[in-house]
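Engineer: Sequence and predicted structure are below.
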Amino acid sequence: MTFTLYLLTLGCDKNRVDSEVMLGKLVSTGVFSPVDDPAIADVIIVNTCGFIREATQESIDNILELAEYRTSMESPCRALIITGCMSERYSEETKMELPEADAVLGVKNIGDIVKVVAEILTVKLESSLENPRAVSNQYVHNRHIAYIKISDGCDNACTYCTIPSIRGTYTSRPLEEILEECRLLNHAKEFVLVAQDTALYGVDLYGKPRLHELLKQIADLPKHPWVRLMYAYPEHLTHETVIAIAETPNICKYIDLPIQHSETDILKRMGRKSTRENLLALINNLRKKIPDIAIRTTLMVGFPGETSNNYKGLYNFVKEVKFDRLGVFLYSQEEGTPAALLPNQISQTVKQSRLEELMELQQSIHYEKQVAKIGKTIDVIIDEVQDDDFVGRTEHDAYEVDAIVNFTTTDGFQLKPGDIVKVTIHNSDEYDLQGVLATQ
């Protein structure tokens, strides 16, 4: 007896890891075969996002669309299961409003997925894998990229954020457990470290930050893979981590610092511990210690009480700092958060206008930085191959987040995803680079 399985992942990279855990557990029972088409799936799982209102609505829309397979007489679907942040945050509401679902699991009990599916299908299933990702990763689209969740939960208590109530307190994974997972995923050419706050790694387990040690030990694994650091809160970034990035060749010269805002009074109301001066000092220090580093950040516009002067200060900060990569999102008034009760909520029209203006500024900054790479020969990791056309990224670009490099070769080289090659850049559009494989 075998079953087909369709798993849809919504939201962030932490959810991606959770999905791979569930997939691995189910596949390891020996009776599940993953498919890309929900129309032929016996079991459909939707791993939801519930971070903000728009993400919740996207999750609901996808569930309702997939629920049609559960109720259709022509579909083989025998189980529709909802998991993830939305179903953790709105567990009872999900069960009540989406009766098509056969089960609703939160983020804290995804480990029960085999038991839950077995009960729905009325079959006996067993999975005793210590690390199910070693099984699931063979079904991942780009196996040369492995996302490693080094901790879960968050203690930062930002006033706008729902994550602590969804995922609980900050909990680091033991260092050796993370390293063992990386060893099992030894086909990966790039390890991407993710968490709600990677910079805080180890404080709860070891009494002090140990991110720098983890970075260096992963970088020192056989084959010396690229190691990329995401979601490192500026308030917790240590000198040791900066030095590890600077001195270890295969740790990508890239860091994702979600600062959210530049103005001190807004940061204080957000519950952030940074100030404008601290952020400028940190960014300047990063660029001094690591001259070729690419700094990515995310900014929030329209936080309650954000005046036109606050926004002007943020705009000028971006203009001065010239972030290499930047994303902007609108403040979302989320129930249950302290910020939702603050006075002087900003209108959607004003928020949208500020977002568009900031992104227009960043587009010009990004284009200027990309054009400066024309004529240079740089390392590129290949993500996609189609005949003699290739899509890849520099170490300054995260997969599915930042810019890409489109390049060609006419020399018949046998290249595959995960290969790291030299590419000479000859052009750039507003976002991406174009080039040709350098002479070998």
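Structural biologist: Arrived safely.

Engineer: right, and the helix or strand after the longest helix belonging to the chain?
Structural biologist: If you go by DSSP state H, the chain has its longest helix at helix 348-371. Counting by DSSP states H and E, the next helix or strand C-terminal to helix 348-371 is strand 377-386.

Engineer: Now do the helix or strand following that following strand, average pLDDT.
Structural biologist: Downstream of strand 377-386, the first helix or strand assigned by DSSP H and E is strand 389-393. Across strand 389-393, pLDDT averages out at 96.

Engineer: Same question for stretch 326-339.
Structural biologist: 95.

Engineer: ok, and what's touching that stretch?
Structural biologist: For stretch 326-339, contacts defined as CB atoms under 8 Å, 6 or more residues apart in numbering pick out 52-54, 159-162, 165, 269-271, 296-304, 306, 318, 340, 345-346, 348, 351-352, 355, 358-359, 362, 365-366. (C-beta placed from N, C-alpha, C; glycine too.)

Engineer: re earlier: just how off-centre is the longest helix of the chain within its chain?
Structural biologist: Centroid displacement of helix 348-371 relative to its chain, using CA atoms, centre = their mean, to the nearest Å, is 22 Å.

Engineer: unless I'm mixing things up, N62 is touching L8, no?
Structural biologist: Yes: the criterion here is CB atoms under 8 Å, and N62 meets it with L8 at 6.3 Å.

Engineer: got any residues that touch both of those two?
Structural biologist: V46.

Engineer: mind listing the helices in the stretch 101-250 of the chain by residue range?
Structural biologist: With DSSP state H, counting those that start in this stretch as the criterion, the stretch 101-250 of the chain has helices at 113-121, 133-136, 163-167, 175-184, 203-206, 211-219, 239-247.

Engineer: Tell me which of those helices approaches L433 most closely.
Structural biologist: When the helices of the stretch 101-250 of the chain are compared by CB to CB, helix 239-247 sits nearest L433, at 22.7 Å.

Engineer: one step back: pLDDT (mean, whole number) over the longest helix of the chain?
Structural biologist: The average pLDDT for helix 348-371 rounds to 98.

Engineer: which strands and helices sit next to it?
Structural biologist: strand 294-301, helix 308-321, strand 325-330, strand 420-428 (3 or more CB pairs under 8 Å, 6 or more residues apart in numbering; DSSP states H and E).

Engineer: tilt between the third one and strand 294-301?
Structural biologist: I take that to be strand 325-330. Interaxial angle of strand 325-330 relative to strand 294-301 (axes from the mean of the first three to the mean of the last three CA atoms, to 10 degrees): 10 degrees.

Engineer: okay, the helix or strand of the chain with the lowest mean pLDDT in PDB with CA atoms only?
Structural biologist: Ranking every helix and strand in the chain by mean pLDDT, DSSP states H and E puts helix 133-136 at the bottom, with a mean of 80. Extracted in PDB, the C-alpha atoms of helix 133-136 (Å, rounded to 0.1, in the frame of the first residue of the first chain):
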ATOM      1  CA  ARG A 133      15.800  15.800   6.800                       C
ATOM      2  CA  ALA A 134      18.400  13.300   5.600                       C
ATOM      3  CA  VAL A 135      15.500  11.600   3.900                       C
ATOM      4  CA  SER A 136      13.400  14.600   2.800                       C
END
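
Engineer: on that earlier part again, weed out the non-buried ones from the contacts of stretch 326-339.
Structural biologist: Those of these that meet the buried threshold are 52, 159-162, 269-271, 296-304, 306, 318, 340, 345-346, 351, 355, 358-359, 362, 365-366, by 16 or more other CB atoms under 10 Å.

Engineer: re the thing from before, pick out the shakiest of the helices of the stretch 101-250 of the chain, pLDDT-wise.
Structural biologist: Taking the mean pLDDT of these, helix 133-136 comes last: a mean of 80.

Engineer: Which other helices and strands does that helix contact?
Structural biologist: Packing partners of helix 133-136 (3+ CB pairs under 8 Å, 6+ apart): helix 13-27, helix 175-184.

Engineer: winner for burial among those helices?
Structural biologist: For the helices and strands packed on helix 133-136, average neighbour numbers computed from mean count of other CB atoms under 10 Å are highest in helix 13-27, which has a mean of 23.

Engineer: ok, residues contacting that one?
Structural biologist: 5, 7, 9, 32-34, 43, 45, 47, 49, 83-85, 107, 110-111, 113-114, 117, 125, 127, 129, 131-137, 139-140, 147-149, 152, 192, 194-196, 230.

Engineer: surely L214 meets I150?
Structural biologist: Yes: at 6.7 Å, L214 counts as touching I150 under the criterion of CB under 8 Å.

Engineer: Got the domain ranges for the protein?
Structural biologist: Using automatic domain parsing, the domain parsing of the chain gives 3-121, 141-256, 377-437.

Engineer: want to throw these into TSV with distance to P291?
Structural biologist: As requested, the domains of the chain are arranged in TSV below (distance: least, CB to CB, whole Å):
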stretch	distance to P291
domain 3-121	28
domain 141-256	9
domain 377-437	13
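
Engineer: Nearest to G313, out of those?
Structural biologist: Among the domains of the chain, domain 141-256 comes nearest to G313, with 17.1 Å by CB to CB.

Engineer: and V114, how many residues sit next to it?
Structural biologist: Number of residues near V114 (other CB atoms under 10 Å) recorded here: 20.

Engineer: Excluding chain neighbours, give the residue nearest to K369 in space.
Structural biologist: Nearest residue to K369, sequence neighbours excluded (CB to CB, 6 or more residues apart in numbering): D324, at 6.1 Å.

Engineer: Distance check, the one you found against R287.
Structural biologist: D324 sits 10 Å away from R287, going by CB to CB, to the nearest Å.

Engineer: Equivalent analysis for K373, please.
Structural biologist: From K373 to R287 the distance is 17 Å (CB to CB).

Engineer: And for A372?
Structural biologist: Noted for A372: a distance of 15 Å to R287, by CB to CB.

Engineer: out of those two, which sits in the busier spot?
Structural biologist: Taking neighbours as other CB under 10 Å, A372 and R287 compare with R287 leading, 14 against 11.

Engineer: Against L205, how distant is the more buried one?
Structural biologist: From R287 to L205 the distance is 31 Å (CB to CB).

Engineer: what's the answer for L299, then?
Structural biologist: Using CB to CB, one gets 31 Å for the distance from L299 to L205.

Engineer: M300 too?
Structural biologist: As judged by CB to CB, M300 and L205 stand 30 Å apart.

Engineer: cool, R183 as well?
Structural biologist: Applying CB to CB, the value for R183 to L205 is 20 Å.

Engineer: For stretch 249-256, list every residue counted as buried.
Structural biologist: By 16+ other CB under 10 Å, the buried positions in stretch 249-256 come out as 250-256.
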